[in-house]
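Peer 1: here you go, sequence then predicted model.
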Amino acid sequence: MAKTEIITKIKPNLDISEPHFYKVFYINDDVTTMEFVVRTLIEYFDHSDETAISLTENIHDSGSAVVAVLPYEIAEQKGIEVTLDARKHGYPLQVKIEAD
């Protein structure tokens, strides 16, 4: 008797979409210094000095501000890194992410 072999061809899914983006927010508080906020915006989000200062003033005046819009994994990682840095320096800075 002849052996029958079944070959299954799998079609690759070429429908690749762009990653979903998330807004990264800094929430104002009365303890975290403006210098620390400016430094983190420059260090973690690659903002220029001028942009970082402007964003920091906006956070202070409005209570919060979007500091970046990034793919989910990057937004989450940067939020964690900033939060850990803030806690290490004794600041209660809150970083939130939200779908764009």
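Peer 2: Okay, I see it.

Peer 1: so what's the residue count around Lys23?
Peer 2: 16 (other Cβ atoms under 10 Å). Glycine gets a C-beta too; all of them are placed from N, C-alpha and C.

Peer 1: for it, give me its contacts.
Peer 2: Val66, Ala68, Val69, Ala75, Ile97, Glu98, Ala99, Asp100 (Cβ atoms under 8 Å, 6 or more residues apart in numbering).

Peer 1: ok, now which ones touch the second one?
Peer 2: With contact set as Cβ under 8 Å, 6+ apart, Ala68 has these partners: Lys23, Val24, Phe45, Ala75, Lys78.

Peer 1: is it in a bridge, and if so with what?
Peer 2: Counting by DSSP bridges, Ala68 is bridged to Val24.

Peer 1: biggest helix in this structure, by residue count?
Peer 2: Determined from DSSP state H, the single longest helix within the chain is helix 72-88.

Peer 1: so what secondary structure elements neighbour that one?
Peer 2: Applying 3 or more Cβ pairs under 8 Å, 6 or more residues apart in numbering; DSSP states H and E, we find helix 72-88 packed against strand 21-27, helix 34-45, strand 64-71, strand 94-99.

Peer 1: what pLDDT does the spatially most central residue of the chain get?
Peer 2: When Cα atoms, centre = their mean is applied to the chain, the residue found nearest the centroid is Ala75 (1.9 Å). The model reports Ala75 with a pLDDT of 97.

Peer 1: who touches it in this structure?
Peer 2: Ala75 neighbours (Cβ under 8 Å, 6+ apart): Phe21, Tyr22, Lys23, Val24, Ala68, Val69, Ile97.

Peer 1: now pLDDT and distance to Glu57 too, for those residues, in TSV please.
Peer 2: Listed next are these as TSV, based on pLDDT from 0 to 100; distance: Cβ to Cβ, whole Å:
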residue	pLDDT	distance to Glu57
Phe21	96	25
Tyr22	97	23
Lys23	97	19
Val24	98	17
Ala68	97	17
Val69	97	20
Ile97	97	22
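
Peer 1: nearest to Asp30 among those?
Peer 2: Val24 (21.2 Å; Cβ to Cβ).

Peer 1: look at that closest one and say how many residues are nearby.
Peer 2: Neighbour number of Val24 under other Cβ under 10 Å is 22.

Peer 1: no further queries at this time; thank you.
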